[in-house]
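Asks: have a look at this prediction, sequence included:
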Amino acid sequence: MKNPDAIVIGAGIVGASSALSLTNAGLKVLVIDRGAVSSGTTGAGEGNILVSDKDPGPELALALHSRNLWFEMQDDVGDSFELEAKGGVVVARRDDGPLMKLASEQSQHGVMIEKCNQSRLHELEPYLHPDISSGVFYPQDAQCQPMLAAAHVIRTVVQRGGEFISQAKVTRINVENGAVTGIETTRGTFNAPIIVNATGTWAGELAELAGSHLPIAPRKGFILVTEPTKKYIFHKVYDSDYVANVASSDADLQTSTVVEGTRSGTILIGASRERVGFDGAMNYEILRTLAAQATSLFPVLRDVQLLRAYRGFRPYAPDHLPVIGQDAKVKGLWHSAGHEGAGIGLAPGSAALITDAILGRDSFMDAAAFSPARFGRVKS
Amino acid sequence: MTHTITFTFNGNAIQCEEGQSIAAALINSNQRELRRTRFGDEPRSIFCGIGICFDCVVLINGVANQRSCLVEAHDGMIVESAQ
């Protein structure tokens, strides 16, 4: 493509939805990725579109709006993302005080909640361990197939006049007088005054190519996949300690029980979090722990076989908030990255924010909390 | 000296040599379709042949999701197409 208006780097769901949003705003967009569509974190998750695990604050506001934009994006693209408003069930196995307090606070901020006693919980999830007696149902929680979604979205961008180039690794970002002018890649040089860094866990490396800095680090996680079964799990079901683990900044391993069925009949079991760099090694102890936790929530899973396990790297920012906005130092370099484990859910909302910021339009919320400048200006 | 055994697949008798996998025995008997997919109703057979892909799963003596490429055939086994 000659002279794109904007270049989006990264063909995960954040890059794809940013490219669609910019295209729909009338820009000619080039999307490039060093691999294929969804070859990073988008391809290693569960497809979570959650409001239940967010404390009141800017991330929850973004999540609530973004969740609705998911349904609009699927309508706009016209292909199935396997998007399903299946609802989430959060259970408290010990003291349910903190969960009930969080749910009450969330309900003041637009989250639909239903506090459940034992009989209601077991009506929602008949195979749940009979001893579990307290939980909260979140009907807005949803799920999609993120790889499918990213592929359909990128294809739509191309159909609407954009271009996608795969297997192009960025080797240089050209900056003149403090503003980006283009990028050099292993598949050629491309010039544009707007560059969107949607490289997720690798966003810090990309910022460095422009002489800037973003403190994004990998937070590794494993997921187990079972054989297709009859329907045992009806919602996304997780233990309330998941919320505390998501919010923790500890580098050591944390595991919490997250279980959900998929459209294809398999069951996904998570979730582990650890900061061990980009070490992709399998860890059978973690897999055993995840499996044991899942069977303690759903004893019926004891007789279900596992097909495989996969792992990925969530883009972790020190304050657990995504980075959305113009670089603190380099004009024309816009970041939308660092969404940690919430990138699928937050993608279309982030795309709306970054598009509005690039075009200087008012947006649905104040994005100041997500500003890349919050980490401190990099001295030149 | 090889010993011939017999099992059934969807009710039909299949003969094979002792030690063969169920999948190998079925392919050898020109039975390529091992099951059909749940959503697209498309035929599935051996794909990887080494236990990774789970395309060749069958019911063996009533137990679902057994990989026919890994399970040795035995006399009198009841093998059925998985749904």
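Replies: That came in fine, so what should we check first?
Asks: could you use CA atoms for every contact and neighbour count after this?
Replies: OK.
Asks: so where do the helices sit in chain A?
Replies: Counting by DSSP state H, chain A forms helices over residues A:13-24, A:58-77, A:97-107, A:118-124, A:146-159, A:203-209, A:241-247, A:284-297, A:343-359, given from the N-terminal end onward.
Asks: which residues are contacting the lowest-mean-pLDDT helix or strand in chain B?
Replies: Lowest by mean pLDDT, DSSP states H and E among the helices and strands of chain B is strand B:63-67, with a mean of 89. By Cα atoms under 8 Å, 6 or more residues apart in numbering or on different chains, the list of residues contacting strand B:63-67 from outside reads A:227, B:51, B:54-60, B:82.
Asks: hang on, the earlier thing: let me have the helices of chain A in CSV, extended by mean pLDDT.
Replies: Formatted as CSV, the entries for these read as follows, by pLDDT from 0 to 100:
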stretch, mean pLDDT
helix A:13-24, 98
helix A:58-77, 98
helix A:97-107, 96
helix A:118-124, 97
helix A:146-159, 98
helix A:203-209, 97
helix A:241-247, 80
helix A:284-297, 95
helix A:343-359, 98
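Asks: among the ones you listed, which is nearest residue B:68?
Replies: Comparison of those against residue B:68 by Cα to Cα identifies helix A:284-297 as nearest, at 24.8 Å.
Asks: if you count neighbours, what's buried in the helix or strand of chain A with the lowest mean pLDDT?
Replies: For chain A, counting by mean pLDDT, DSSP H and E, helix A:241-247 ranks last in confidence among helices and strands (a mean of 80). Using 16 or more other Cα atoms under 10 Å in any protein chain shown as the burial criterion, the residues of helix A:241-247 that qualify are A:241-243, A:245-246.
Asks: what stretches of the chain score poorly on pLDDT?
Replies: Here I'm looking at chain A. Scanning chain A with the threshold set as pLDDT under 70 gives A:377-380.
Asks: correction: the question concerned chain B.
Replies: For chain B, the stretches with pLDDT under 70 are B:1, B:83.
Asks: ok, which residues in it are in contact with chain A?
Replies: Taking Cα under 8 Å from any Cα of the partner chain as the criterion, chain B approaches chain A at residues B:52, B:54, B:65.
Asks: just give me the closest of these to residue B:23.
Replies: The shortest gap between residue B:23 and any of those belongs to residue B:54, at 12.0 Å (Cα to Cα).
Asks: the closest one and residue A:6: what is the separation?
Replies: Applying Cα to Cα, to the nearest Å, the value for residue B:54 to residue A:6 is 43 Å.
Asks: so who does residue 72 touch?
Replies: I'll assume chain A. In this structure, residue A:72 makes contact with no residue, judged by Cα under 8 Å, 6+ apart.
Asks: the intended chain is chain B.
Replies: Counting by Cα under 8 Å, 6+ apart, residue B:72 has contacts B:19-22.
Asks: buried subset of these?
Replies: Judged by 16+ other Cα under 10 Å, buried ones among the contacts of residue B:72: B:19-22.
Asks: redo those residues as JSON lines? Include distance to residue A:285 and secondary structure.
Replies: As requested, the buried ones among the contacts of residue B:72 are arranged in JSON lines below (distance: Cα to Cα, whole Å; DSSP: H, G, I helix; E, B strand; the rest coil):
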{"residue": "B:19", "distance to residue A:285": "34", "secondary structure": "coil"}
{"residue": "B:20", "distance to residue A:285": "34", "secondary structure": "coil"}
{"residue": "B:21", "distance to residue A:285": "31", "secondary structure": "strand"}
{"residue": "B:22", "distance to residue A:285": "33", "secondary structure": "helix"}
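Asks: nearest to residue B:7 among the residues you listed?
Replies: The shortest distance between residue B:7 and any of the buried ones among the contacts of residue B:72, using Cα to Cα, involves residue B:22 and amounts to 9.0 Å.
Asks: burial count for residue 81?
Replies: No chain specified, so I'll use chain A. For residue A:81, the tally of surrounding residues (other Cα atoms under 10 Å in any protein chain shown) stands at 24.
Asks: sorry, I should have been clearer: chain B.
Replies: Other residues lying near residue B:81 total 17 when counted by other Cα under 10 Å.
Asks: cool, and residue A:317?
Replies: Number of residues near residue A:317 (other Cα under 10 Å) recorded here: 22.
Asks: separation between it and residue A:21?
Replies: As judged by Cα to Cα, residue A:317 and residue A:21 stand 24 Å apart.
Asks: do the same with residue A:232
Replies: To residue A:21, residue A:232 is 37 Å away according to Cα to Cα.
Asks: so residue B:43 is in contact with residue B:56, correct?
Replies: No - counting by Cα atoms under 8 Å, residue B:56 is not a contact partner of residue B:43; they are 10.2 Å apart.
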